[in-house]
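kindly generate the corresponding structure for this input.
(one chain, ligands or ions: 1)
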Amino acid sequence: MHITNDVRYVGVNDHEIDLFEGLYPVERGVAYNSYVILDEKVAVMDAVDAHFGGDWLSNIRLVLDGRAPDFLIVHHMEPDHSASIALFMNAFPDAIIVSSAKSFPMMKAFFGTDFPGRQMSVKEGDLLCLGKHTLRFIAAPMVHWPEVIMTYDQTDKTLYSADAFGKFGALDIDEPWADEAGRYYFGIVGKYGLQVQSVLKKVAELIIQTICPLHGPVLKGDALWEALQLYRIWSSYQSESKGVLIAHASVYGNTRAAAEQLADGLRRDGVEVVVHDLNRCDMSQAMSDAFRYDRMVLCAATYNADVFPPMRTFLSWLSERGYRGHKVGLVENGSWAPMAGKVMRSTLEGCKEIELLSPMVSIRSALNDESKAQLNALRQELEK
Ligand code: FEO
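Numbering: from 1, shown residues only. Coordinates of the predicted model:
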């Protein structure tokens, strides 16, 4: 695949994987992207997951047609990109690794060697001339590991953006960018919004015609500008859409019935609503929707004098990723000593800029006239 006149795609699609990072369901697979810049000197941009090292080397050899690569540029040391580095270094014994100073101790830790004598350590603003192409390195610490760098090809005006702007889904799957890029961003990078903002400021000074991320499609034109715009929204914790996420964790269905009743009422009034059953859904999708919509309602049963475990898990997903700046309503259920509301509130009080809506709905076993009135009042608050 030609990316520009001198750049070829040599990455791989992984349809064998079920959980990315062992955590995120990826039914449509994932791509580990790698690119080759063909110039007087040849640079390979990033490696791939261990299971695909042989395929990747074959792709590189096909593109190089007998030439040997001069550089392997390593933007990120997470094993989905780094695990085949040693394979590459054995296959191409004259190649030099170009990476940040923080990457080499990680190589030592992963591979038992940091390839002494074959290192080129680069930092913010350093240049590497390949001939026609001059590469400029950009530090991107904590997007989302500390060693991360990006590369700007000044000749092609291409940004090699590491994990930023990536998405789940293999490249032979045709689907819109934003949904799976959002699930990827909030799950994996979302905790580091400030660091993403800092990189976006640096990138804003560049003329960029192409973004080559480590996952998902190469971005150009309108798709590139949509991605930049969404990253500005996501990294500043603004809501992308008006609407309500309702997430419920129900034991026998009574809490779920309240959630569905609330959803029906909101929809009747023209509000966009998404409902997730936390006992069964993909937590990463629910979490992504929680960030995306400006309002959220959590509905949970009490369990062991605490909140029902799927809701506790969901709260962890949110708080660990810096959930903030939303309006939140609470619906608790408890047959004799309801505790779910107290637990949910106390977790959310640890998140920044959360507006807790009144009233909190408190159900005793099943909806009755009193709790229905509370639910109605909460719906009205959500619609203000
Ligand atoms: Fe795609 Fe953070 O590795």
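
going forward, measure contacts between C-alpha atoms and count neighbours the same way
Fine.

next one: stretch 106-125 to chain centre, how far?
Relative to the mean C-alpha coordinate of its chain, stretch 106-125 is positioned 26 Å out (Cα atoms, centre = their mean, to the nearest Å).

and the end-to-end length of it?
Start to finish, the residues bounding stretch 106-125 are 22 Å apart (Cα to Cα, to the nearest Å).

for stretch 89-104, same thing?
14 Å.

swap in stretch 48-56?
7 Å.

which non-adjacent residue is nearest the residue of the stretch 101-250 of the chain found nearest the ligand?
Of the residues in the stretch 101-250 of the chain, the one nearest the ligand is residue 163, at a distance of 5.2 Å by Cα to the nearest ligand atom. Leaving aside its chain neighbours, residue 163 sits nearest to residue 214 (5.3 Å; criterion: Cα to Cα, 6 or more residues apart in numbering).

list the contacts of that neighbour.
31-34, 81, 160-164, 166 (Cα atoms under 8 Å, 6 or more residues apart in numbering).

wait, which of the residues you listed is closest to residue 193?
Taking Cα to Cα as the measure, residue 193 sits nearest to residue 164 out of the contacts of residue 214, at 11.4 Å.

on that earlier part again, inside helices: which ones of the contacts of residue 214?
Of the contacts of residue 214, the ones assigned to helices by DSSP state H are residue 81.

want to throw the contacts of residue 214 into TSV with neighbour count and pLDDT?
TSV is the format used below for the contacts of residue 214 (neighbours: other Cα atoms under 10 Å; pLDDT from 0 to 100):
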residue	neighbour count	pLDDT
31	25	98
32	25	98
33	30	98
34	25	98
81	25	98
160	27	98
161	25	98
162	26	98
163	27	98
164	25	97
166	29	98
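
inside strands: which ones of the contacts of residue 214?
The strands, defined by DSSP state E, take in 31-32, 160 from the contacts of residue 214.

redo those residues as TSV? Include distance to the ligand.
Formatted as TSV, the ones in strands among the contacts of residue 214 follow (distance: Cα to the nearest ligand atom, whole Å):
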residue	distance to the ligand
31	9
32	7
160	13
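
not counting its neighbours along the chain, what's nearest residue 169?
residue 30 (4.3 Å).

and the one you found, how far from residue 60?
19 Å.

try residue 17
Taking Cα to Cα, one finds residue 17 at 23 Å from residue 60.

the two: which has the busier surroundings?
Set residue 17 next to residue 60 and count neighbours by other Cα atoms under 10 Å: residue 60 wins out with 24 against 15.

secondary structure element for that one?
Per DSSP states H and E: residue 60 is located in helix 53-64.

which residues of the stretch 151-300 of the chain lie near the ligand?
residue 163 (Cα under 6 Å from any ligand atom).

please enumerate the strands of the stretch 101-250 of the chain.
119-121, 127-129, 134-139, 149-153, 158-160, 210-212, 219-220, 241-249 (DSSP state E, counting those that start in this stretch).

state the mean pLDDT of the shortest one.
Read that as strand 219-220. In this model, strand 219-220 has a mean pLDDT of 98.

quick one: that strand to chain centroid distance?
Relative to its chain's centre, strand 219-220 lies at 18 Å (Cα atoms, centre = their mean).

and if you look at the third one?
Relative to the chain's own centre, strand 134-139 is displaced by 23 Å; criterion: Cα atoms, centre = their mean.

okay, the angle between that strand and strand 149-153?
With axes from the mean of the first three to the mean of the last three Cα atoms, to 10 degrees defining the directions, strand 134-139 sits at 150 degrees from strand 149-153.

strand 134-139 pairs with which strands, parallel or anti?
Paired neighbours of strand 134-139 in the sheet (DSSP bridges): strand 127-129 (antiparallel), strand 149-153 (antiparallel).

the shortest one now?
Looking at strand 219-220 with DSSP bridges, its partner strands are strand 210-212 (antiparallel).

give me the residues contacting the strand it pairs with.
By Cα under 8 Å, 6+ apart, the list of residues contacting strand 210-212 from outside reads 157-162, 165, 218-221, 224.

phi, psi of the closest residue to residue 78 other than its chain neighbours?
In space, residue 78 comes closest to residue 145 once its chain neighbours are excluded; the distance is 7.9 Å by Cα to Cα, 6+ apart. Phi and psi for residue 145, reported as degrees, to the nearest 10, are phi -120, psi 160.

now render the strands of the stretch 101-250 of the chain as a markdown table, adding distance to residue 100.
Formatted as a markdown table, the strands of the stretch 101-250 of the chain follow (distance: least, Cα to Cα, whole Å):
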| stretch | distance to residue 100 |
| --- | --- |
| strand 119-121 | 5 |
| strand 127-129 | 13 |
| strand 134-139 | 8 |
| strand 149-153 | 7 |
| strand 158-160 | 15 |
| strand 210-212 | 19 |
| strand 219-220 | 25 |
| strand 241-249 | 37 |
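
residue contacts, residue 81?
If you count contacts by Cα under 8 Å, 6+ apart, then residue 81 has 32, 46-49, 214 around it.

adjacent strands (with direction) for the longest strand anywhere in the chain?
The longest strand of the chain (DSSP E) is strand 293-303. Strand 293-303 pairs in its sheet with strand 241-249 (parallel), strand 306-307 (antiparallel), strand 327-333 (parallel), by DSSP bridges.
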